[in-house]
Each structure stands twice: as structure tokens, then as C-alpha cells.
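Enquirer: with the input below, show me the fold.
(4 chains)
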2 protein chains.
Amino acid sequence: MIQTNCFLKLHEIYSYMLALKHLRLIEALHDSGSITRAATRLYLTQSALSHQLVALEAHYGVSLFERARPLRLTPAGELLLALSREIMPRIDAAKRDLARLAEDNQPGKLRIAVECHTCYDWLMPAMDAYRAHWPEVEMDLVGGFHTDPVMLLDEDKADLVIVSEIGKHKGVVFSPLFRYEMLALMATAHPLASKPCLTARDFANDTLITYPAPDRLLDLVRRVLKPAGIAPERRQAELTVAIVQLVASRKGLAALPAWAVQSYLERGYVVARPITKRGLWSGLYTAARESDAVRAYHKDFVATLREQAFMTLTGIEPLD
Amino acid sequence: MIQTNCFLKLHEIYSYMLALKHLRLIEALHDSGSITRAATRLYLTQSALSHQLVALEAHYGVSLFERARPLRLTPAGELLLALSREIMPRIDAAKRDLARLAEDNQPGKLRIAVECHTCYDWLMPAMDAYRAHWPEVEMDLVGGFHTDPVMLLDEDKADLVIVSEIGKHKGVVFSPLFRYEMLALMATAHPLASKPCLTARDFANDTLITYPAPDRLLDLVRRVLKPAGIAPERRQAELTVAIVQLVASRKGLAALPAWAVQSYLERGYVVARPITKRGLWSGLYTAARESDAVRAYHKDFVATLREQAFMTLTGIEPLD
DNA sequence: TTTGTATCATGAATCATATTCCCGCAAGAT
DNA sequence: ATCTTGCGGGAATATGATTCATGATACAAA
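Expert: Down below sits the predicted model:
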């Protein structure tokens, strides 16, 4: 027998059935177009978001989006999306202000070192976006190739370096950015273009064109050619566009990140093929001194980096 | 031995360490001037808010308010207060819109009945505040005295009644508004004014001036005089101001809510004394049909009622 | 000074809720 | 058909928020 409570529970009015996480959820859902993708973006599982959604929808008795592809928000969903777009920037700004107050306005410093020039492609828009939120943080780029860029942290010559591998350095913390596929580049009429994917052997009889970097940093060499005992003729070029030009001129093959050559492929300058059947995937990480990494301006930079990368680049995947 | 994690936890960026509850907390703290009072206002314990506060302060490494009376917010606290003032109205509005969408825009109806005329004092500002948020809800006042106003609900002549006692009616739910003290009113030079408080006996030799209501609704009669077997001479007046005028003119004594006579006391028209040593406290509740009470527009009205009462009236206490 | 009252802080226990894990189902894609 | 992928939902787990019980502190009154 159900005993109907004779009291109206007023504290429900203050219940947080509509919470900030719900707004982020709607926004991620709208931006990414699927619960699963929204989940990885929010560092949660698909199931978690599914539960959040049904709870929210049940509480207000409305459906928020149509379960069909392409995913479309209902009017109620649009309402929350608009709310989120309006409010979240204010919340985030307040968090930054709070962090600034807490650290007594002592400004941060970000001297950034990159292992490979290609990274500038997405680093620039990210730095621009970041500058808008943290104008007082002094940003600088540390130029040149470095044998071990993580050392730059110890030597206090850089505050954040972008690396392709995580190591175990004392006092240094890493953060995954994204993973991407290395594609083999060849001239449009190249005989290998008929193969769906290339193997180590395919590189044996052609010149390999690379950045001027030690083999340790060239994923193709380190993870594919060297294990197979294949050492093709080599040639170096500083800039991505130069490498692509050499490949198009039939001077040899190259292996570059998919996102770096996307535009050249679209214009048909060269063709690209996966390396090995499953593809050659690499990752990018940030590394920083732990003492810096805990600070808000720093975390926010890494987050911006990730966010901007996913917005700017195509064909990259979440990492870790 | 502590193993320092070599990864930067990025999902902390999306952590809800700054949540809506924190904004409500700051606002309640600022408005009420003490953690304890803020707690009752938010239907939580003092301890809960204290924990929330230290967690928030620890997370950002700032203090939010000075632990001294009068309570004063620090710059960080002011920051959050400003954020709250800006954002919470938008959140609340969105909740209402969501509720409207869910109920397919079928507008609500609020025919309100009150047991005692005095209630209009705080009912009016509350209704005004509510109208701004729910313009489509048709509000009406059900006039006249009623022997059992809860019956008006069954008879579908009212949708919400304000009563001084909760009963057990099928399909009717109650919600506590606030409790208040009934004060004995007397002329400034009245001999009883020398006593710190009045007892039942003190009413025996004077005329008692009341509203034209059945004894059942007059707390002084029902809970003090009748149990003591004291039945003074009686006289009635419709309006609070008229009762006060009669008392000032030495026509007798009266018992009225503290908040109803506050302004007259300040101007020295009459004097007031507690009734019995611990004072005579009464409560006010809303009653409504359960089917109505679950709907958002209705809950919101009750919440507004409470809120406005605490903002408008002095000397009232949370109830239940 | 003492006593009482009110407020806040704090640790432990409890309770509530959010998230994950795991599986089934349905809808394309192969 | 047979995979693959994404979603929903139950049960278990992890995380967290709230309360309870208590002690410390400040202030007012005795």
C-alpha cells in the first residue's frame, strides 16, 4: 500500500536536476553528433552520458534529441544548447578569474618547444584562441631541433614541449593530445599507388624524404623500416611543402601525418597510402614540469590545444 | 613512498568543482549573513554548507568570505556572487521554459484562498514577483471567510489555500511556509506593558479585539485562553489597521502576528509583549490538490511565496 | 571569572548519486 | 549471413555529498 506523502517536497526546487554537466552534455552532443563521441570528448563513457540523458529527459518529461543520424536536437534540446552557449563561457571565465585571484595575479610563462615543424599548423590557431583568455601569459616559441626536447624543461629553456612519446622523467608530467595516422606519400603516377597499403619492403627501392631529424623521431624509420632491416636512400627537406613538392617531382617517397597533407591530397598533387595493413599511428603529448602543470593557466593551455586540434584537424583520434 | 603520477589529469578541466550549488551557496551566504541561516534556506545542514565551502576554497586556494560578523565576502566571493546574480536567473528561466515545453504549454490556474486577511500583506508582493515569471498562469483570489478552506480544493473553488494547520486530507498536499510569533498588543500606557510577557490570566479583565473569524482560527483563543478557561469580552474588526487603532484607543487587547504590527510598533502607536514565557508561535502552510502540486508552475509559486515572505517580513522563522 | 548561547569546523559514518562494466538489441556496412 | 558500431539498461562499483556527533571559539549575560 502506497502512502502518499502529504508534504510537497520544496527542496526539489533547489535540486540540481539541471546541472552544468547537462549543459556540457548537450553541447558536446550537438558538436560531436553522437553520444559515443561526446563521451570521449568529456572523458566519460557512452553509458554515463546515456544515463545522464535519460535522467534529464525523464525529469522534465521531454525528449532532447532525436535518436537518429544525423542527430538532431528537439526544441527542448535547442533551448538547453542556447543556454549552454550563453552561460558556459561566463562560468569558464569566472573559473579563470578565480584561478588568477588565487595565484595572486603572478602571470604564467609558456615557452613552447615542438619536435616537428608540422605542429605549427595547429599550434598557431590554438595559441591565438588561448591568448584571448589568458592575455597576461607570455607565450614564446623555442626554435630549432633538439636531441631530447624534454631536457629543455630541466634546463629551464622551455615550459612546455610537444613530444611524440611519453617517458619517465622525474618532475615531468605528460598529457595526451591526440593520435594520428602517418601516410605514405607518392607521386600520382607512382607504381606503388596501385597497392591499397604499403609495407616496409616497398620503401627499399626508392629515396625516402624526411625532415632533418634523428631517426629516433621518424616513426616510419624507427617502427617499420629499422625492424625490417631496410635502409633506403635518404634525402632531407625542412618544410612540409618542400617534401610534398619533392614527392610530386618523383624524387622519392615520404611519410607524413594525415592532417598535414590533407590539403595537398584534396588538390591531387600527390597520393597517399596507409603504411602496413593497420596503418602507422602515432601520438602527440605535451610534457611539462610538474610545478607548472598544476597551475590553471597551464592546464587550460593543454585543454585548448586538444580542443583546437580536434576542431582544426581531420582524421585524428582521441588518445588514451 | 608516493608515486607521482606522470600524467596530467585533463578531465579535471571539466570537473564540476564550480557547480551551480556553489553559486547558490554564495548567494544564500551573502543574503542571510550566516552559514546556519543559509543552510536552512537551502534545505541543508550547516555542516553540509561548511564542507562545500572548504572544498571550494581549497580547490581554488582562495578564501571566499571573512569568518566574522558581519559576514563579508572577499573579492573572490564577490566574483562568484556576481556570477551567480548573472547566471542563476537564466538557469531558472530555462527550467521554467523546459517545464512549459514538457506540459505542452497548457497554462496553469491559481485560485488562491487565504484564511486570514493579514496574509495579503505578503501575498501581494509574492504574486507580483511570480507573475513576472509565469505570465500565462491565471491568478485569482477567492474572497470571504470559509469554515474549512481546504474544502475549497475538493469543491474545485480554489487551487491553493493558505492555512495555519496541516490536516490529513486525501489527495491534498501541504507545504510549510514559515512560522511567526503572535504578539499581544496594548496601548502604550497600558498597565500590562510593565510585564515582560503576558499570560492567559492577563487577558481576563480586558476586551479582546479580533478578526471576525471562528475561534478555531484564533490561536490566542484556541491555544491559550480556552485551555485556561478564560473568556474575555470580545469585539471584532476587519482590518489590521482598525484593530491597532482600537488597541491604541484603549478599547482592549489584541494578538497579531509580529510581522503584521512591526511598522506600528516602530512608530510607537502601541506596544507588544510575548504571550506566555516562550511566546505563542504559529505556522503557515499551503495546501493544494496533489495533481496540481506536482506541476512546475505550482511548485514555483510556493517557492516564491516562501522566498518573498522571508525577504519581506521580519521576525519569521523557517518552519519544519 | 564563569556560564550559557550561538556559530562554525571537522572527522567518521552514512546515504545518495554518478559512473562503469557488461550485455542485449537494432541498424547499417561488408 | 556476419561483422561492426552505437545505444539503452541492469547491476555493481566508485565517488561524492550530507548528516551526525563533537569540539573549538566568540560573545553576552550573570
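
Enquirer: contacting residues for whatever residue of the stretch 151-300 of chain A ends up closest to DNA strand C?
Expert: In the stretch 151-300 of chain A, the residue that lies nearest DNA strand C is A:P196 (12.7 Å; CB to the nearest atom of the strand). Backbone N, C-alpha and C define where each C-beta goes, glycine included. A:P196 is in contact with A:R273, A:P274, counting by CB atoms under 8 Å, 6 or more residues apart in numbering or on different chains.

Enquirer: and it, helix, strand or coil?
Expert: Recorded secondary structure, A:P196: coil (DSSP: H, G, I helix; E, B strand; the rest coil).

Enquirer: low-confidence ranges in the stretch 201-320 of chain A?
Expert: For the stretch 201-320 of chain A, the stretches with pLDDT under 70 are A:320.

Enquirer: ranges for the helices of it?
Expert: Along the stretch 201-320 of chain A, the segments classed as helices by DSSP state H, counting those that start in this stretch run A:219-220, A:226-228, A:240-248, A:258-266, A:290-293, A:296-312.

Enquirer: also the stretch 51-200 of chain A?
Expert: Going by DSSP H, counting those that start in this stretch, the stretch 51-200 of chain A shows helices at A:75-102, A:120-133, A:149-154.

Enquirer: which stretch among these comes nearest chain B?
Expert: helix A:75-102 (4.1 Å; CB to the nearest CB).

Enquirer: helices or strands next to that closest one in the packing?
Expert: helix A:20-32, helix A:120-133, helix A:296-312, helix B:46-60, helix B:75-102 (3 or more CB pairs under 8 Å, 6 or more residues apart in numbering or on different chains; DSSP states H and E).

Enquirer: got TSV for the ones you listed, with mean neighbour count and distance to DNA strand C too?
Expert: As requested, the helices and strands packed on helix A:75-102 are exported to TSV (neighbours: other CB atoms under 10 Å in any protein chain shown; distance: least, CB to the nearest atom of the strand, whole Å):
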stretch	mean neighbour count	distance to DNA strand C
helix A:20-32	21	6
helix A:120-133	16	25
helix A:296-312	20	17
helix B:46-60	16	4
helix B:75-102	17	13
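
Enquirer: coming back round to it: how much space separates the residue of the stretch 151-300 of chain A closest to DNA strand C from DNA strand D?
Expert: Distance, A:P196 to DNA strand D, by CB to the nearest atom of the strand, to the nearest Å: 17 Å.

Enquirer: would you map out the domains in chain A?
Expert: Domain assignment for chain A by automatic domain parsing gives A:10-101, A:107-178+A:282-312, A:180-281.

Enquirer: who wins for proximity to B:A158 among those domains?
Expert: With CB to CB as the measure, domain A:10-101 is the member of the domains of chain A nearest B:A158 (19.8 Å).

Enquirer: do the longest strand that chain A contains and chain B meet at all?
Expert: Scanning chain A for the longest strand, with DSSP state E as the assignment, gives strand A:172-187. Yes. Residues of strand A:172-187 are located near chain B by CB under 8 Å from any CB of the partner chain, namely A:V172, A:V173, A:F174, A:S175, A:P176.

Enquirer: now the buried members of those.
Expert: Buried subset of those (neighbour count, 16 or more other CB atoms under 10 Å in any protein chain shown): A:V172, A:V173, A:F174, A:S175, A:P176.

Enquirer: need those in TSV (columns: distance to DNA strand C and pLDDT).
Expert: What follows is those, written out as TSV (distance: CB to the nearest atom of the strand, whole Å; pLDDT from 0 to 100):
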residue	distance to DNA strand C	pLDDT
A:V172	26	92
A:V173	21	90
A:F174	20	90
A:S175	17	89
A:P176	16	89
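
Enquirer: export these as JSON lines, with columns for distance to A:V221.
Expert: Conversion of these to JSON lines gives the following (distance: CB to CB, whole Å):
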{"residue": "A:V172", "distance to A:V221": "26"}
{"residue": "A:V173", "distance to A:V221": "28"}
{"residue": "A:F174", "distance to A:V221": "23"}
{"residue": "A:S175", "distance to A:V221": "26"}
{"residue": "A:P176", "distance to A:V221": "23"}
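
Enquirer: returning to what we had before: quick one, the longest strand of chain A and helix A:296-312 angle?
Expert: 20 degrees (axes from the mean of the first three to the mean of the last three CA atoms, to 10 degrees).

Enquirer: just checking, what packs against strand A:172-187?
Expert: helix A:219-220, helix A:240-248, strand A:253-257, helix A:258-266, strand A:270-274, strand A:280-289, helix A:290-293, helix A:296-312.

Enquirer: quick one: that strand to chain centroid distance?
Expert: Centroid separation between strand A:172-187 and its chain, computed with CA atoms, centre = their mean, to the nearest Å, is 10 Å.

Enquirer: ditto for stretch A:213-223
Expert: 21 Å.

Enquirer: between its first and last residues, how far does it reach?
Expert: By CA to CA, to the nearest Å, the extent of stretch A:213-223 from end to end equals 15 Å.

Enquirer: in it, what counts as buried?
Expert: Going by neighbour count (16+ other CB under 10 Å), the buried part of stretch A:213-223 is A:L217, A:L218, A:D219, A:L220, A:V221, A:R223.

Enquirer: now do stretch A:150-167
Expert: A:V150, A:L152, A:L153, A:A158, A:D159, A:L160, A:V161, A:I162, A:V163, A:S164, A:E165, A:I166.

Enquirer: and the residues you listed as TSV, adding distance to B:V244 and pLDDT?
Expert: Listed next are the buried residues of stretch A:150-167 as TSV, based on distance: CB to CB, whole Å; pLDDT from 0 to 100:
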residue	distance to B:V244	pLDDT
A:V150	82	89
A:L152	82	93
A:L153	78	93
A:A158	79	95
A:D159	73	96
A:L160	73	96
A:V161	79	95
A:I162	78	93
A:V163	81	90
A:S164	84	87
A:E165	84	84
A:I166	79	85
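
Enquirer: now intersect those residues with the strands, please.
Expert: Short answer: the buried residues of stretch A:150-167 in strands (DSSP E) are A:L160, A:V161, A:I162, A:V163.

Enquirer: and which of the residues you listed is nearest to B:L98?
Expert: A:L160 (41.9 Å).

Enquirer: I'd guessed the closest one sits against A:D292; true?
Expert: Yes. Counting by CB atoms under 8 Å, A:D292 is a contact partner of A:L160 at 7.5 Å.

Enquirer: find residues that contact each of these two.
Expert: A:H298.

Enquirer: before we move on, the earlier item: distance to A:K251 for the buried residues of stretch A:150-167 - can I get that in JSON lines?
Expert: Converted to JSON lines, those look like this (distance: CB to CB, whole Å):
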{"residue": "A:V150", "distance to A:K251": "34"}
{"residue": "A:L152", "distance to A:K251": "33"}
{"residue": "A:L153", "distance to A:K251": "37"}
{"residue": "A:A158", "distance to A:K251": "34"}
{"residue": "A:D159", "distance to A:K251": "39"}
{"residue": "A:L160", "distance to A:K251": "35"}
{"residue": "A:V161", "distance to A:K251": "32"}
{"residue": "A:I162", "distance to A:K251": "29"}
{"residue": "A:V163", "distance to A:K251": "29"}
{"residue": "A:S164", "distance to A:K251": "25"}
{"residue": "A:E165", "distance to A:K251": "29"}
{"residue": "A:I166", "distance to A:K251": "34"}
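
Enquirer: near chain B, which of the residues you listed show up?
Expert: Restricting these to those near chain B - CB under 8 Å from any CB - leaves A:I166.

Enquirer: do you know how far the residue of the stretch 151-300 of chain A closest to DNA strand C is from B:M88?
Expert: 57 Å (CB to CB, to the nearest Å).

Enquirer: check A:D128 too.
Expert: 32 Å.

Enquirer: residues from chain A in reach of DNA strand D?
Expert: A:S34, A:I35, A:T36, A:R37, A:Q46, A:S47, A:S50, A:H51, A:L53, A:V54, A:R67, A:L71 (CB under 7 Å from any atom of the strand).

Enquirer: give me the number of residues near the second one?
Expert: So the one you mean is A:I35. 21 (other CB atoms under 10 Å in any protein chain shown).

Enquirer: over to the first one?
Expert: The burial count assigned to A:S34 is 15, neighbours taken as other CB under 10 Å.
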